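Q: How does the following fold in three dimensions:
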Amino acid sequence: MAQYTPAELADKLKDGLLSFPVTAFDADLEIDEPTYRRHLDWQSSFEVAGLFAAGGTGEGFALISEEAARVVRMAVEEAGSRVPVLASAGGSTKQAIQNAQDAEAAGAEGLLLLPPYLTECDQEGLYQHVSSICSATKTGVIVYNRANAVYSADTVARLAENHENFIGFKDANGDIEHLTKVYAKNGDRLFYLGGLPTAETFALPLLQLGMSTYSSAMYNFVPEFALDFYKDVRAQDRVAVNEKLNRFVLPYLDIRDRVKGYGVSIVKGGLKAIGRDSGSVRPPLQNLTEQDLADLSALIQQAGIVPAEATH
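A: Prediction:
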């Protein structure tokens, strides 16, 4: 049973840091429930505004529907009493509806709607796709503006007008003109979040475009650092933001950019480096090499951000 109406959920999410917990896998690349539950317990013990289960960093693209529903249900059970838990929906319209209904049944507060699989889309098709998902669930729906799902300002406004549970716009393109049009037309009817890879890099300039929050992948393994970074962004403390960029974020990007797909792999590498191993990534992703993991471990130490154990 959801604790928030869609509007209440938007208000909760827009003024705090968001994150996507990794999905723990065992040696056979099956879901490691005890490890995943421990990770969720730790992640939800900090002042984070929302956790998206089975999302991009959670390798939702590598989960079958039954696994995604199970992962979301575990997240609700472990973290839902402390922080809103959201799910993801993707694939075809029919598949996304199934994901949305499974998430609602599991007790998720809302969902992030990923781009439709593979095919090119025009605005009417995108509208019908999102409209079908919004009509199939009572939970809050956030669209993800990226790849083949680039929503015009008018399409966003049409969805907002016709679906009360359409609450958010997440962007992974960084097109300033497009974002300006979307925000200018829709204003405070929605909340806006940054979704570019390693969102910390873009957080301060995007704040000026109405994006009051973003999803932090590194929150998975350095939660205190990620929360402090977000506070500096919201305070528009450019000196503090630049210091943290230079001390950790930009060198972290250098490691992430060594191999395609490392955006997820490096997060699991970070968990391994701090002693909270959540297992390997599923193919087609690949784990960090031994050297890349060693470099990441050294960076975490040098930056002085090894996380303290959370108190419960």
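
Q: Excluding residues flanking it in the chain, which one is nearest residue 106?
A: The shortest distance from residue 106 to any non-neighbouring residue, by Cβ to Cβ, 6 or more residues apart in numbering, is to residue 73 (4.0 Å). All C-beta atoms are positioned from the backbone trio N, CA, C, and that covers glycine.

Q: tell me the SS of that neighbour?
A: helix (DSSP: H, G, I helix; E, B strand; the rest coil).

Q: Find me the pLDDT at it, would you?
A: As predicted, residue 73 sits at a pLDDT of 98.

Q: Surely it touches residue 87?
A: No - when contacts are counted by Cβ atoms under 8 Å, residue 73 is not listed as touching residue 87 (9.6 Å).

Q: if I look at the two, which residues touch both of them?
A: The contact sets of residue 73 and residue 87 overlap at residue 106 (Cβ atoms under 8 Å, 6 or more residues apart in numbering).

Q: Which one's more surrounded, these two?
A: Taking neighbours as other Cβ atoms under 10 Å, residue 73 and residue 87 compare with residue 87 leading, 31 against 20.

Q: Surely that one is in a strand?
A: Yes - under three-state DSSP, residue 87 sits within a strand.

Q: Report the secondary structure state of the closest residue to residue 92 other than its chain neighbours.
A: Spatial nearest neighbour of residue 92, excluding adjacent residues (Cβ to Cβ, 6+ apart): residue 117 at 6.2 Å. Following three-state DSSP, the label given to residue 117 is coil.

Q: residues touching residue 117, list them.
A: Contacts of residue 117 (Cβ under 8 Å, 6+ apart): 90-92, 95.

Q: so which pair among the residues you listed is furthest apart in space?
A: 90 and 92 (8.8 Å; Cβ to Cβ).

Q: Can you show me the helices along the stretch 51-200 of the chain?
A: Taking DSSP state H, counting those that start in this stretch as the criterion, the stretch 51-200 of the chain carries its helices at 65-79, 93-106, 123-136, 153-162, 176-186.

Q: Please compute how far the shortest one lies from its chain's middle.
A: For helix 153-162, the distance from its own C-alpha centre to the chain's C-alpha centre is 23 Å (Cα atoms, centre = their mean, to the nearest Å).
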